[in-house]
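Visitor: Below are the sequence and a predicted model; questions follow.
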Amino acid sequence: MVTRLVRGKGKKSVTVTPKLVNELLGVPPFSRDVKEDANAVGFAMGLGVTSMGGELMLIEAGLMVGAGKIQLTGKLGDVMQESARAAYSYVRSNAEFLGIDPEVFGKSDLHVHLPEGATPKDGPSAGLPLILAIASAFTKIPVRHEVAMTGEITLRGHVTEIGGLKAKLLAAKRGELKTVLIPMENEKDLPEVPDEIKEGLNVVAVRNVNEAFELALEIHPTLLRDQPLVTPSSESTAEEISTPMDAAAQT
């Protein structure tokens, strides 16, 4: 910019425009994470922290005809793999409450994937979005695309404390999310988050998974318990069973 002024033949100012910024700085090295465009079955938006700050973390869950196996991909660390298995166990152990036909688990394989497979991801706080994605895949209830969430979970469905709240809320704001679910234990940390970050975000503290279902799913699963669930058969295709809907991420 200074060079342009010096070589500007009498010009005392230069108007900065988006076109000029691109011309001077070139192609942006990183693209900005944004929320999904629509509600969808089998996905949830988590929040992670990297060396570059907070990041949105898309989680996908899909079902296919199988024998009850679970496949985890996306370069997940040991702790995140444990969170995924705990989330799956919660959904299985609460099948009746969620209106899921128990037979579906023995006839389906579950695939959980976090995109950007070349980026390592680890940490326990993806437990809550993992449960939402998996429960959505089995119940066929879409997850609200404007909701992001973070929280470690227990087998009983309790949502427990996480770290990096400020960075995660900043990522949610940057990604144009409207609602962020956080553990009730982290509500005490909200006063330390600058108001300019919280402005425009509906930050809701939840105690358990059931409260998250009410806020993040289009409809609570218990309202559909009386409707029969499609059970995968050998003639079904993976697409018929489920239609799932971005620095090392530390959740």
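Guide: Right, received. Where do you want to start? Numbers count the residues shown, from 1 in each chain.

Visitor: residue boundaries of the helices in the stretch 51-200 of the chain?
Guide: Secondary structure of the stretch 51-200 of the chain (DSSP state H, counting those that start in this stretch): helices at 78-93, 95-98, 103-106, 127-139, 165-174, 195-198.

Visitor: Of those helices, which stretch is the most buried?
Guide: helix 127-139 (a mean of 29; mean count of other CB atoms under 10 Å). Yep, even glycine has a C-beta here, placed from its N, CA and C like the rest.

Visitor: one step back: can I get the helices of the stretch 51-200 of the chain in CSV with distance to E211 and mean pLDDT?
Guide: Shown next, in CSV, are these (distance: least, CB to CB, whole Å; pLDDT from 0 to 100):
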stretch, distance to E211, mean pLDDT
helix 78-93, 14, 97
helix 95-98, 14, 92
helix 103-106, 24, 95
helix 127-139, 10, 97
helix 165-174, 18, 96
helix 195-198, 20, 95
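
Visitor: want to throw those into CSV with distance to L56?
Guide: Converted to CSV, those look like this (distance: least, CB to CB, whole Å):
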stretch, distance to L56
helix 78-93, 16
helix 95-98, 26
helix 103-106, 30
helix 127-139, 10
helix 165-174, 6
helix 195-198, 15
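
Visitor: Of all those, which one is nearest N210?
Guide: helix 95-98 (8.6 Å; CB to CB).

Visitor: now could you export just the CA positions of that closest one as PDB?
Guide: Taking Å, rounded to 0.1, in the frame of the first residue of the first chain, the C-alpha atoms of helix 95-98 are listed here in PDB:
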ATOM      1  CA  ALA A  95     -33.500 -47.100  22.300                       C
ATOM      2  CA  GLU A  96     -37.000 -47.600  23.800                       C
ATOM      3  CA  PHE A  97     -37.000 -44.100  25.200                       C
ATOM      4  CA  LEU A  98     -36.000 -42.700  21.800                       C
END
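
Visitor: Okay, now the unreliable bits of the stretch 1-150 of the chain?
Guide: 1-12, 26-35 (pLDDT under 70).

Visitor: Could you report the separation of the nearest residue to L165 once chain neighbours are set aside from A205?
Guide: Leaving aside its sequence neighbours, L165 sits nearest to D189 (CB to CB, 6 or more residues apart in numbering; 5.0 Å). Between D189 and A205 the distance is 10 Å, computed by CB to CB, to the nearest Å.

Visitor: Need the overlap of contacts for these two.
Guide: Shared contacts of D189 and A205, defined by CB atoms under 8 Å, 6 or more residues apart in numbering, are absent.

Visitor: Ok, which of the helices of the stretch 51-200 of the chain comes nearest V41?
Guide: helix 127-139 (5.4 Å).

Visitor: hang on, the earlier thing: between the helices of the stretch 51-200 of the chain, which gets nearest to G68?
Guide: Among the helices of the stretch 51-200 of the chain, helix 103-106 sits nearest to G68 (CB to CB), with 5.0 Å.

Visitor: So for the chain, the centremost residue is which one?
Guide: In the chain, the centroid-proximal residue (CA atoms, centre = their mean) is M45; its distance is 1.8 Å.

Visitor: Regarding that residue, what is its secondary structure?
Guide: strand (DSSP: H, G, I helix; E, B strand; the rest coil).

Visitor: my read: it touches E176, true?
Guide: No: M45 is beyond contact range of E176, at 11.1 Å (criterion: CB atoms under 8 Å).

Visitor: how about the strands in the stretch 1-150 of the chain?
Guide: In the stretch 1-150 of the chain, the strands defined using DSSP state E, counting those that start in this stretch lie at 43-50, 53-65, 70-73, 108-113, 121-122, 147-149.
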